[in-house]
Structure formats: structure tokens, C-alpha cells
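[1] Predicted model and sequence follow; I will ask about them next.
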Amino acid sequence: MILISGATGTNGSEIIKQLVAQGASVRALVRNPAKATTLEQLGVEVVQGDFNELESLVKALDGVEKALMLPPIAENAVELQRNFIEAAKKTKTQHIVKFSGMGASPEAPIALGRSHGMAEKLLEESGIAYTHLRPTAFMQNTLGLAPTIISEGVFYQPAGDGKISHVDVRDIAAVAVKVLTEDGHIGKAYDITGPEALSFDEVAAKIAAVIGKPVKYVNIPVENFKQALLNWGQPEWSANAIAELYEQVYQKGWAGTVTDTIATVAKKPPTTFAQFVQDYRQVFLGS
């Protein structure tokens, strides 16, 4: 039995979909089972649990051999993952795959990187077999740019001319499925990227080429972006962390590394950004 946490999120749900397609026995950990009807329709066992509640995690992990640790986005994410690891010890779960991030390290220059790095360290010291998945920025996040592309033909980001090797969530899931269903991945840390590093000017050009309309990238100050996040209801710690990611990583081109993990682990060619836009063309067109 494989447990997937973060099961209703973008990454968790795609991983479950691909595991089910391969005939794996899957248990989905969700905070609110009412939001998991799609998972139930796939034939997945749905269990209620919360990273804040150790006993709920113990129940969820009972009888589980392998688990994906994909915690909720939270200021206390390290402590939440400590709970998950403690529950896995109690249930003698054999292998935990941590969903982490590129550049994860307890000494990382940004809060998100330090949080992932500290959680990785907890897992490494737990005695449980582990694998770390470290994807870069998700291509699917660019779907959030669609509203202003549709209304104005522009999108706004504070990334300067930094290049980012965006990766398709479907490809991350393909790597995760291999790690969860095959041998040979214990003790490994996989940096997962797309096949090319693109600036947002290049992203705009690729979107424009697919939708057949002009698209322009407008670089904005990080402070303006952070204020917009706050206006949209993001908590301050989260807005600060995202702003820091843009300022300290994206603007400096540190997210531009390209790896061959998808080809070597998932045994498939990585999805190009142009192909991603083609697949989601109707979203960018607003139809």
C-alpha cells in the first residue's frame, strides 16, 4: 500500500492518477474527505488526517509500506513533517519519499529552501529509508497568468530577466511514480527540471506562438508583487517567502539549472514549455 499526502493538490492528485493507471494500491490522505470525491471515483482509499494531529497520521499510515510526504504549505511545515516522520516510525513504514524543492538545504539563502532542507535532514536522521524529490517551479503555476493575458495581452511578474527551468507537474508525477514503485531510489535526491531554462520574455513568446495573439511580460518591483499577494489574502509569512524566492532565486537565475532526471528516472522525454502551453491552450485563450 502506498500513501499519498497532499492528495487533493495539483501534484498529489496527478501522482495518484498515474499510480492508479499502473494498478498500484493507493491510499489518499486528505484533511476534508468531502473534497476527495474525484479520488474515490478512481477507486482510491480515502482517509482523513491532518499533519497537525499525530494520531490521525498513525491511523493513516497503518499498513502502509511507502509514503509520499507532501505537507500543506504552512509556516510550521518542518514541525508538521516531524509529525509525519514520527507516525511513520510508529507504523514501521519502510520508505518515505519527501516532496521537496530545488536548492533545499538547512543553510539555503531563502526560507522555503531552509524549511525543505531541515525537513529532509529530519527524515535522513529518522532511520527510515528515504528519497527526496526536488522539483523547480511548476509549469502549471503559469496558468495563473492567464487572466491578464486574456484581458490585456500581458502578465506581470517580478523575475527580471532571470531564467527558470519550469517543469510540468505531470513529469514530476512520472518521476514520483517510478520512485514509489521501483527499487534503486533509496538514499537519492533528485533535482527535477524541465528541458530548458526560459526567461519570462521567452515564456511570453512561447505562449503567444501557441495562442496566436501577442503576449508581453511586464517586470514589476518585488514590493508591488508582495503587496498584491497580501491583497489576495496570502498570510504575511507566505507573501514574504514568495517575494524572497523571486528576489533571491529567480532574479539571479539560480532556478535555471537543467537536469536529465525525467529522462533517466521516468524514462520519458521531459515536456517542453511549448508543448505544455499547447496542452493548456484553452486556458490561455479563456475558452
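    Arrived safely, thanks for sending. Numbering: from 1, shown residues only.
[2] Show me where this protein has its strands.
    If you assign secondary structure with DSSP state E, the strands in the chain sit at 2-4, 26-30, 45-48, 66-69, 95-99, 129-135, 154-157, 189-192, 216-219.
[3] and the third one, how far out from the chain's middle?
    On the basis of Cα atoms, centre = their mean, to the nearest Å, strand 45-48 is displaced by 21 Å from the centre of the chain it belongs to.
[4] Contacts for it next, please.
    7, 26-33, 36, 39-40, 56, 59-60 (Cβ atoms under 8 Å, 6 or more residues apart in numbering). Quick note: C-beta positions are derived from backbone N, CA and C, even for glycine.
[5] Let's have the strands of the chain in a markdown table, adding mean neighbour count, mean pLDDT and distance to residue 281.
    Compiled in a markdown table, the strands of the chain are given as follows (neighbours: other Cβ atoms under 10 Å; pLDDT from 0 to 100; distance: least, Cβ to Cβ, whole Å):
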| stretch | mean neighbour count | mean pLDDT | distance to residue 281 |
| --- | --- | --- | --- |
| strand 2-4 | 27 | 96 | 29 |
| strand 26-30 | 25 | 94 | 30 |
| strand 45-48 | 16 | 92 | 32 |
| strand 66-69 | 26 | 97 | 30 |
| strand 95-99 | 23 | 98 | 28 |
| strand 129-135 | 23 | 98 | 23 |
| strand 154-157 | 18 | 96 | 16 |
| strand 189-192 | 21 | 98 | 24 |
| strand 216-219 | 16 | 98 | 18 |
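[6] Relative to residue 262, which of those strands is closest?
    Across those, residue 262 has its closest neighbour in strand 189-192 (6.6 Å, Cβ to Cβ).
[7] could I have stretch 250-257 exported to CSV, CA atoms only?
    Provided in CSV are the C-alpha atoms of stretch 250-257 (Å, rounded to 0.1, in the frame of the first residue of the first chain):
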residue,chain,number,x,y,z
TYR,A,250,14.5,33.8,-9.9
GLN,A,251,16.0,37.2,-10.5
LYS,A,252,19.5,35.9,-10.0
GLY,A,253,19.0,33.0,-12.5
TRP,A,254,19.5,30.4,-9.8
ALA,A,255,16.4,28.5,-10.9
GLY,A,256,17.8,28.0,-14.4
THR,A,257,19.6,24.6,-13.8
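[8] what comes up buried for it?
    250, 251, 253, 254, 255, 256 (16 or more other Cβ atoms under 10 Å).
[9] which other residues reach it?
    Residues from elsewhere that reach stretch 250-257 (Cβ under 8 Å, 6+ apart): 102-103, 136-137, 158-160, 162-165, 191, 193, 197, 248-249.
[10] thinking again about what came up before, please tabulate the strands of the chain in TSV, including the columns distance to residue 171.
    Formatted as TSV, those follow (distance: least, Cβ to Cβ, whole Å):
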stretch	distance to residue 171
strand 2-4	17
strand 26-30	19
strand 45-48	26
strand 66-69	16
strand 95-99	14
strand 129-135	9
strand 154-157	22
strand 189-192	7
strand 216-219	24
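[11] ok, back up a step: check the contacts of strand 45-48 against residue 181 and report the nearest one.
    Of the contacts of strand 45-48, the one sitting nearest to residue 181 (Cβ to Cβ) turns out to be residue 26, at 10.7 Å.
[12] bridging residues for the closest one?
    Under DSSP bridges, the beta-bridge partners of residue 26 are residue 2.
[13] how close does it get to residue 128?
    20 Å (Cβ to Cβ, to the nearest Å).
[14] Give me the phi and psi for the residue lying closest to residue 12 once chain neighbours are set aside.
    Nearest residue to residue 12 in three dimensions, chain neighbours excluded: residue 6, at 3.8 Å (Cβ to Cβ, 6 or more residues apart in numbering). Dihedral pair for residue 6: phi 60, psi 30, per degrees, to the nearest 10.
[15] number of nearby residues for residue 6?
    By other Cβ atoms under 10 Å, 23 other residues sit near residue 6.
[16] Please verify my assumption that it contacts residue 84.
    No: counting by Cβ atoms under 8 Å, residue 6 does not reach residue 84; the two are 10.8 Å apart.
[17] overlap in contacts of those two?
    residue 71.
[18] My understanding was that residue 167 contacts residue 136; is that so?
    Yes: the pair residue 167 / residue 136 is scored as a contact, 5.5 Å apart, by Cβ under 8 Å.
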